[in-house]
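Requesting a structural model of the entry that follows:
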Amino acid sequence: MAGHSKWAKVKHFKGAIDAKRAKIFSKLAREITVAAKLAGGDPDMNPRLRMILLKCRAANMPADNIERAVKKGTGGGESANFEDLTYEMYGPHGVALLVEVSTDNRNRTASDIRSLATKNAGSIATPGSVSRLFDRKGQIIVARENANEDKLMELALEAGADDFKTDPEGFEILTEPANFELVHKKIETAGIKCEAAGITSLPGMTVSLDDAAAAAVNRLIDALEDHDDVKEVFSNADFPGT
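Numbering: from 1, shown residues only. Presented below is the predicted three-dimensional model:
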């Protein structure tokens, strides 16, 4: 299911079944094409493309797929113009959601997102009412077996990280969005493998759910994530067992 903790979400992403993986690859390819069209095909000069390529690596997306998508974005010619939008939403049991999309047809996507919300016990929120509940942060996740805690903490904080958190499975490093690239590159340069890395929206407060409520919220999140235009879904749900 889509809405679990950061570790469960990483594992779900890596272990997606073939049908789901094809959908993920298709979405990532479009994100690559849009990013390459906007700022070129060199990830060192294009932070947006670099972050998408991190997601591609986590999903084990084949290099040929990535290369084709980059060439499509940098090849010139006529192509659709995409814009990034964020929909604010309340789901079942008062859970707040931010839905990030990339669309070439704002009206179509708005209608689709509203319909998915309605069919799954959700509703579109007033602009600002949900986004104020989240903080925009750079997030880097490292499995415990991939790094020494003290060395990783020292490296991250010296590079400009704001916070370093530990749990039984590993480490979470948080940064201001502007410092994410520097901190992440420092960690990669040190030869430390990251399970996931990117700019995310983290809730200031969470809503605790029981199993039945969690299932209802996950139905909405799954439906949203399955839409071709949706890039990310963030929620403030605290799922059982996470």
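
okay, CA-based contacts and neighbour counts for the rest of this
Noted.

So the protein: which segments form each domain?
6-74, 83-132+205-238, 134-203 (automatic domain parsing).

Report all helices and strands that the lengthiest helix in the chain contacts.
Secondary structure of the chain per DSSP state H: the longest helix is helix 18-39. If contacts are counted by 3 or more C-alpha pairs under 8 Å, 6 or more residues apart in numbering; DSSP states H and E, helix 18-39 sits against helix 47-58, helix 63-74.

now the last one: mean pLDDT?
Helix 63-74 comes out with an average pLDDT of 93.

Check residue 3 and give its pLDDT.
On pLDDT, residue 3 comes in at 41.

change the start of the numbering to 154 and stick with it
Noted, 154 is the first residue going forward, which turns the last one into residue 156.

Please report how far residue 254 lies from residue 268.
Distance of residue 254 to residue 268, computed by C-alpha to C-alpha, to the nearest Å: 15 Å.

I'd like the domains of the chain as CSV, with mean neighbour count appended.
Below are those laid out as CSV (neighbours: other C-alpha atoms under 10 Å):
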stretch, mean neighbour count
domain 159-227, 17
domain 236-285+358-391, 18
domain 287-356, 17
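
Any idea which of the ones you listed has the lowest pLDDT on average?
For the domains of the chain, the weakest mean pLDDT is recorded on domain 159-227, namely a mean of 84.

Contacts only, for residue 237.
Neighbouring residues of residue 237 by C-alpha atoms under 8 Å, 6 or more residues apart in numbering: 253, 254, 255, 256.

can you tell me which of those residues lies nearest to residue 356?
When the contacts of residue 237 are ranked by distance to residue 356 (C-alpha to C-alpha), residue 253 comes first, at 15.1 Å.

Name the SS class of that closest one, please.
Secondary structure state of residue 253, per DSSP: H, G, I helix; E, B strand; the rest coil, is strand.

follow-up on the earlier one: give me the angle between the longest helix of the chain and helix 216-227.
40 degrees (axes from the mean of the first three to the mean of the last three C-alpha atoms, to 10 degrees).

just the CA coordinates of helix 171-192, formatted as CSV?
Written as CSV, here are the backbone C-alpha positions of helix 171-192 (Å, rounded to 0.1, in the frame of the first residue of the first chain):
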residue,chain,number,x,y,z
ASP,A,171,5.9,-5.7,-13.1
ALA,A,172,2.6,-3.9,-14.0
LYS,A,173,3.2,-1.3,-11.3
ARG,A,174,6.9,-1.0,-12.4
ALA,A,175,5.9,-0.3,-16.0
LYS,A,176,3.7,2.5,-14.7
ILE,A,177,6.5,3.9,-12.6
PHE,A,178,8.9,3.8,-15.5
SER,A,179,6.4,5.6,-17.7
LYS,A,180,5.9,8.4,-15.2
LEU,A,181,9.6,8.7,-14.5
ALA,A,182,10.3,8.9,-18.3
ARG,A,183,7.9,11.8,-18.6
GLU,A,184,9.4,13.6,-15.7
ILE,A,185,12.9,13.1,-17.3
THR,A,186,11.7,14.5,-20.6
VAL,A,187,10.1,17.5,-19.0
ALA,A,188,13.2,18.3,-16.9
ALA,A,189,15.5,17.9,-19.9
LYS,A,190,13.4,20.1,-22.0
LEU,A,191,13.4,22.8,-19.4
ALA,A,192,17.1,22.9,-18.5
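
tilt between that helix and helix 200-211?
For helix 171-192 against helix 200-211, the angle by the same axes, to 10 degrees is 160 degrees.

Can you name the residues in contact with stretch 323-330?
By C-alpha under 8 Å, 6+ apart, stretch 323-330 touches 289-298, 302, 309, 313-319, 336, 352.

Correction: the previous question concerned stretch 283-298.
Applying C-alpha under 8 Å, 6+ apart, the contact partners of stretch 283-298 are 241-243, 249-251, 321-330, 332-333, 337, 345-358.

Among these, name the ones in helices.
333, 337.
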